[in-house]
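**Q** what follows is a predicted protein model with its sequence.
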Number of protein chains: 2
Amino acid sequence: MGYRPSIIFVLGVFINYFYVTDVLAKLTPTSRVCIIGAGYAGLAAARHMKNNGLNFTVFESTSYIGGTWRFDSRTGTDEFGVPLFTNQYKKLRINTPYQTMEFGGFPFPDGTVSFPSGVCFYKYLQAFARHFDLMKDIQLNSQVTWVQWTGEDWNLTYTKSDTKNNVTEQCDFVVVASGEFNNPYIPKFKGQELFKGKVLHSHSYKDAEDYRSKRVLLIGGRATGVDLAVQLSNITSKLVHSNHIFRTFKTFNPPNFPETYINKPDLKHFTPNGAVFEDDTAEDFDIVIYCTGYKYYHPFLNHLSSGITTSESYVFPLYQQIVNINQPTMTFVGVSKEIISKILEVQAEYSAALAAGKFELPPKDEMLRQWVDHVHTLRKEGFRATDVNSIGTNIDKYFATLHKEAGIQMLPPVFNMMISFDIKNILEDLVNFRDYDYKVISDTQYVKKYNPRQEVCPFNT
Amino acid sequence: MGYRPSIIFVLGVFINYFYVTDVLAKLTPTSRVCIIGAGYAGLAAARHMKNNGLNFTVFESTSYIGGTWRFDSRTGTDEFGVPLFTNQYKKLRINTPYQTMEFGGFPFPDGTVSFPSGVCFYKYLQAFARHFDLMKDIQLNSQVTWVQWTGEDWNLTYTKSDTKNNVTEQCDFVVVASGEFNNPYIPKFKGQELFKGKVLHSHSYKDAEDYRSKRVLLIGGRATGVDLAVQLSNITSKLVHSNHIFRTFKTFNPPNFPETYINKPDLKHFTPNGAVFEDDTAEDFDIVIYCTGYKYYHPFLNHLSSGITTSESYVFPLYQQIVNINQPTMTFVGVSKEIISKILEVQAEYSAALAAGKFELPPKDEMLRQWVDHVHTLRKEGFRATDVNSIGTNIDKYFATLHKEAGIQMLPPVFNMMISFDIKNILEDLVNFRDYDYKVISDTQYVKKYNPRQEVCPFNT
């Protein structure tokens, strides 16, 4: 009689309570951090790893930094056969004020227009990388193809674009910053195979001029859908726009589109020369452009290599939408597709603080409990089941929580306030919303004035 | 211009849409099913695999079948050093009518008392295995230590208890039926290390006589806690019972315990000779018995081997609380700790129908969507975050859904009706609730009469 701790009990305690601490405690200042991707998220991660004195390498599949922000006239793949991970098109301007996109400690100069061009934002990212001397730790033309937990650390395998050689390197900590917008989502419609015209996703859209005097169907009414509607409406001979904007946003004030713009509800089925819509009207057109968003894309990892359940709609379980709960020496920057870009820098800084051992994670079961609760809260707030990676409605609380937990920067409410107004402004004046200048006054205050003018980009290539 | 399906898009479609079908389509009638555990769940799985003409082996770590149902006077490990996976104690009787526990097609004879002894239920399981000739496909003394997806099938490694040799075999389909009640959960209380008396978990409780004239603290008021309270109250010199029953069940009608029974709220902290409780009263005692339940225990798999996130509180993501969504040639029978035992047979039959290719699973993303929705529903229904494996409040809907999806038996509502009343009856008359005889009349009707009598077990060893 008496207390005989059984083997299984002792083992159970070991697995559950000492698991996280064990793995992270092994990290030392000489440990190596590997960052996948040198876009906005990867550059932010690199800068904060550097700030923390950590030894890091960024693996970038293409021959340039800046991810989606560099314009490339090609579609599909580059000269090495590597997918072109950019969605830039000519005359693109950012759609949220630069203040919600610039990195802490590296501001746009005062006087910059609040909505510079995509070209200018790309130059900003280049200047950022130069300023913090990040380029020497960025390994270009290195497409990560596999990330595998070995039981002690990570094996990261990449293919050199030019030689096609596969190389495997060892990493103690991995940051997945591989982009949110590189795997186009195309919904299935009846009769799609009957349509004889051209079909593309906005991922391959480059220049409005390509569509001059054409009859075009745009599908989708989110950021890209409405932006292309404005770009194309005065160029095409007919622009059919199938969208939900009016249904989703009661406050949407449509611009004064020309008569050749035709607003339509959901598509019912394609025909050889056009389509029939849910209101049983039909339209003919030559080209379809799907502005229907992107799916998650992490071909270099799966549950067996990393403990992460990945699919086109899901990445989980992640603590704070950042940390791989099953293997907490892996973090994700940017899977929580939020409008405010600065969230990526916050997640990058949190990742760096974790890698540097500046704070401790809760035990695995507690992280899982919080994750399950978050999934529930999202549904309660009206999110779809596929939105498990969202932050939810209270993004300021999220920033406050990360700040408190990891001792990182506290993003003040003013950024969310600016974004919230910006969205209203987009819906109210789709054509001219970028002609406002925003200026942050305090943590909870900004000023805005109408100030249409020519952009002068303050950064050089 | 035009539609150029990029490599990544095509790959994305492949991974997500053809994934599940591909893996399961490879199963043929000669494929091999491996079942882990020869307890109630494993025997049910074996029988239904056999019914479907499938080739299967059951791997059982101990030298007997019946899992938790065989009495063993030893605690800790057996003669081979293998953990004793049984929780039986002397004079245990089942606490739900046998009708909710018997397997379809192998009934208890009419006239059996509705609540036979644990000994009798163990004999029933032995008779079941003999009747369906299952023993020749059960490999005893084979403790499964690792299950690993190879990319094509499963490698299952087990240790032979006698020789300690490790053997790895190949399986096309794995059923995890390793038991819900083998990893004792002991909460942490302040001052636990100060207490000088004996401490055990009910997992090691064998016989009320061991506690005659002792001063005992029982912690817990669920099935085991209340059962031991009844067993011990007339034997101990003092029985302190720390529990939530009154708070959880407003309808609880306490039995007429002797004066030596002392009901207490939660424990605040231990002292060298006893404990102080939340009401600031103190009691001395010699022995503590934790009736505080069990944690999940799947040491033979983790996320890297199987795609399943396991911890002491969680097993996910599972479709219908059965199918490993990340690797759907693996199912779980019994992780949804429900009171109605027949749910295990339903899950076993569903597993067999899946292995036999009798139905197709939805695409991975749809299974994940349903799982996320279920997690949300559970919280909405008031379950704790740690209860992600529960079925929820509508178990009849669950049975109907599985029936419709997989073409398996439809468990009629009468079983849930009997269980529901049985729980009320336990709370109302803890000492005598087993003296009722239940009889199923139709799918939605049963009769019950008070009929106290001696048990005659209709099965022989």
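**A** Perfect, I can see it now.
**Q** next helix or strand past the helix or strand harbouring residue A:126?
**A** Taking DSSP states H and E as the criterion, residue A:126 maps to helix A:118-131. Once helix A:118-131 ends, the next helix or strand along the chain (criterion: DSSP H and E) is strand A:138-139.
**Q** which neighbours does that following strand have in its sheet, and in what orientation?
**A** strand A:55-59 (parallel) (DSSP bridges).
**Q** can you give me the angle the partner strand makes with helix A:118-131?
**A** Computed by axes from the mean of the first three to the mean of the last three CA atoms, to 10 degrees, the angle separating strand A:55-59 from helix A:118-131 equals 150 degrees.
**Q** mean confidence for strand A:55-59?
**A** For strand A:55-59, mean pLDDT rounds to 98.
**Q** what separates that strand from the chain centre, distance-wise?
**A** Put simply, strand A:55-59 sits 20 Å off its chain's centre (CA atoms, centre = their mean, to the nearest Å).
**Q** repeat that for stretch A:165-181.
**A** The chain centroid and the centroid of stretch A:165-181 are separated by 17 Å under CA atoms, centre = their mean.
**Q** end-to-end on it?
**A** Taking CA to CA, to the nearest Å, stretch A:165-181 runs 27 Å from one end to the other.
**Q** residues of the stretch 351-461 of chain A that sit close to chain B?
**A** A:364-365, A:368-370, A:372-373, A:375-376, A:379-380, A:385-386, A:388 (CB under 8 Å from any CB of the partner chain). Glycine gets a C-beta too; all of them are placed from N, C-alpha and C.
**Q** can you do 6 Å?
**A** A:364, A:365, A:368, A:369, A:372, A:373, A:375, A:376, A:379, A:385, A:388 (CB under 6 Å from any CB of the partner chain).
**Q** what of the stretch 101-250 of chain A?
**A** So far as CB under 6 Å from any CB goes, the stretch 101-250 of chain A lies against chain B at A:183, A:184, A:198, A:199, A:200, A:210.
**Q** number of nearby residues for residue A:277?
**A** By the measure other CB atoms under 10 Å in any protein chain shown, the count of residues near residue A:277 is 19.
**Q** show me the contacts for it.
**A** Contact analysis of residue A:277 by CB atoms under 6 Å, 6 or more residues apart in numbering or on different chains lists A:264, A:265, A:267, A:268.
**Q** now the residues you listed: which count as buried?
**A** A:264, A:267, A:268 (16 or more other CB atoms under 10 Å in any protein chain shown).
**Q** ok, and the closest non-adjacent residue to residue A:169?
**A** Excluding its sequence neighbours, the residue lying closest to residue A:169 (CB to CB, 6 or more residues apart in numbering or on different chains) is residue A:156, at 5.4 Å.
**Q** hang on, the earlier thing: export the residues of the stretch 351-461 of chain A next to chain B to a markdown table and tack on pLDDT and secondary structure?
**A** Formatted as a markdown table, those follow (pLDDT from 0 to 100; DSSP: H, G, I helix; E, B strand; the rest coil):
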| residue | pLDDT | secondary structure |
| --- | --- | --- |
| A:364 | 96 | helix |
| A:365 | 95 | helix |
| A:368 | 96 | helix |
| A:369 | 96 | helix |
| A:372 | 95 | helix |
| A:373 | 94 | helix |
| A:375 | 93 | helix |
| A:376 | 93 | helix |
| A:379 | 91 | helix |
| A:385 | 86 | helix |
| A:388 | 94 | coil |
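**Q** quickly list what the nearest residue to residue A:54 once chain neighbours are set aside is bridged to.
**A** Among residues not flanking residue A:54 along the chain, residue A:33 sits closest, at 5.2 Å (CB to CB, 6+ apart). Beta bridges link residue A:33 to residue A:56, residue A:173, judged by DSSP bridges.
**Q** residue A:33 contacts residue A:355, doesn't it?
**A** Yes. The pair residue A:33 / residue A:355 is scored as a contact, 5.5 Å apart, by CB atoms under 6 Å.
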